[in-house]
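Engineer: what's the 3D shape of this:
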Amino acid sequence: MSRFNKTVLVVQAHPDDTDAWCSGTLKLLKDKGYRIAIATMTAGGLGGLDTGEEETMALRKNEAARSAEVLGAEYYCLDQRDGYVYDNLEARIKTLELIRKVKPGIVMSHVPNDYHSDHRATAAIVDVATMQATLPNAPCKEAPLDVTPLFYHTAPMTLKGALGEPMPAPQFFIDISTAVETKEKMLACHQSQISLMKKMFNMDNFFEEALDYNRQIGKLCGFEYAECFWQHLGGGFETYPLIQNELKDYLEVSDEFK
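Structural biologist: Numbering: from 1, shown residues only. The predicted structure follows:
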């Protein structure tokens, strides 16, 4: 029996990130009895074209909360400023407080070499805060956890870094074909992003682009739709393969990690 509890906390930079990168896998874990908590480092205030920053933040927090409701998940915002996420004392302490409040057995965030600077900063903040979850001398008003959570990284869109370099091969893939309907419903909560993605990236339909990305990932492992992950195996965290064990019926492991 695992000593890690059945709570997952996902901390990502922007309100639609979790839906795009790992909501299918969260749905499968939810069906296994897991409690799911979704947090965003920012409220996505730069993600508006016809609304000011404050109005956009309120709108996008509401969208994220409604998306979390689709999954039956909790939603939190750490209220850092969109586009200006830095790995600093305040962000680390707020993230540590959230981790200790939620008490997860699993924490997820971006990969350290993600293409987006807010994603990279969030990954660094969550890495440090998760590692300090059990340390009594860490500057945090919440009580330390008994067990350091397992730490996983989600895939960026395109599987490329900032300079277009390929990401390392994902450690494992999860077949989300049976969870796509839930993922679509969650993505559809972020209506404010349709026009923004058209403006920024010339995407006619961001939601369909996200699903097409899952189809492309699926082709790498023989599934119709898939999401992929890396577990933090480089030191500092235990390496028990909890997600891989829980979702073994949906799992394909890359050859070099078998």
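Engineer: got the buried residues for stretch 18-37?
Structural biologist: 18-30, 34-37 (16 or more other Cβ atoms under 10 Å). Every residue, glycine included, has its C-beta placed from N, CA and C.
Engineer: swap in stretch 55-75?
Structural biologist: Quick answer for stretch 55-75 (16+ other Cβ under 10 Å): 56-57, 59-61, 63-65, 67-68, 70-71, 73-75.
Engineer: from the middle of its chain, how far away would the longest helix along the chain be?
Structural biologist: Longest helix in the chain by number of residues (criterion: DSSP state H): helix 53-71. In terms of Cα atoms, centre = their mean, to the nearest Å, the gap separating the centre of helix 53-71 from the centre of its chain is 16 Å.
Engineer: Which residues does whatever helix or strand comes next after that helix contact?
Structural biologist: Per DSSP states H and E, the first helix or strand lying C-terminal to helix 53-71 is strand 74-80. Contacts with strand 74-80, where a contact means Cβ atoms under 8 Å, 6 or more residues apart in numbering, come from 11, 35-43, 61, 64-65, 67-68, 86, 91, 94-95, 98, 102.
Engineer: can we see that at 7 Å?
Structural biologist: For strand 74-80, the external contacting residues (Cβ atoms under 7 Å, 6 or more residues apart in numbering) are 37-43, 61, 64-65, 68, 91, 94-95, 98.
Engineer: So which of those sit within helices?
Structural biologist: Members of those lying in helices (criterion: DSSP H): 61, 64-65, 68, 91, 94-95, 98.
Engineer: helices and strands of this protein: which one has the lowest mean pLDDT?
Structural biologist: helix 193-201 (a mean of 81; mean pLDDT, DSSP states H and E).
Engineer: What is that helix packed up against?
Structural biologist: helix 206-219 (3 or more Cβ pairs under 7 Å, 6 or more residues apart in numbering; DSSP states H and E).
Engineer: Can you list the buried residues in the helix it packs on?
Structural biologist: For helix 206-219, by 16+ other Cβ under 10 Å, it's 206-207, 210-211, 213-214, 217-218.
Engineer: Tell me the spacing between the closest residue to P166 other than its chain neighbours and P168.
Structural biologist: With Cβ to Cβ, 6 or more residues apart in numbering as the criterion, P166 has its nearest non-adjacent residue at 6.1 Å, and that residue is K160. Taking Cβ to Cβ, to the nearest Å as the measure, K160 falls 11 Å from P168.
Engineer: With K248 instead?
Structural biologist: 23 Å.
Engineer: cool, and N245?
Structural biologist: 22 Å.
Engineer: G47 too?
Structural biologist: For G47, the distance to P168 - Cβ to Cβ - is 29 Å.
Engineer: Neighbour count for the two, which is higher?
Structural biologist: G47 (26 against 13; other Cβ atoms under 10 Å).
Engineer: so where's the stretch 1-150 of the chain shaky on pLDDT?
Structural biologist: For the stretch 1-150 of the chain, the stretches with pLDDT under 70 are 1.
Engineer: just the strands in it please.
Structural biologist: For the stretch 1-150 of the chain, the strands defined by DSSP state E, counting those that start in this stretch occupy 7-12, 35-42, 74-80, 106-109, 150-154.
Engineer: Out of those, which one sits most buried?
Structural biologist: With neighbours defined as mean count of other Cβ atoms under 10 Å, these peak in mean count at strand 106-109, which reaches a mean of 27.
Engineer: so where do the helices sit in the stretch 101-250 of the chain?
Structural biologist: 117-131, 180-187, 193-201, 206-219, 242-246 (DSSP state H, counting those that start in this stretch).
Engineer: for the last one, what is the average pLDDT?
Structural biologist: Along helix 242-246, the predicted local confidence has a mean pLDDT of 97.
Engineer: Outside of it itself, list whatever touches it.
Structural biologist: In contact with helix 242-246 (Cβ under 7 Å, 6+ apart) are residues 2, 4, 29, 32, 105-106, 150, 152, 172, 251.
Engineer: which parts of that helix are buried?
Structural biologist: 242-244, 246.
Engineer: any idea which of those is the one closest to D82?
Structural biologist: Lowest distance from D82 to these (Cβ to Cβ) belongs to I243, with 28.7 Å.
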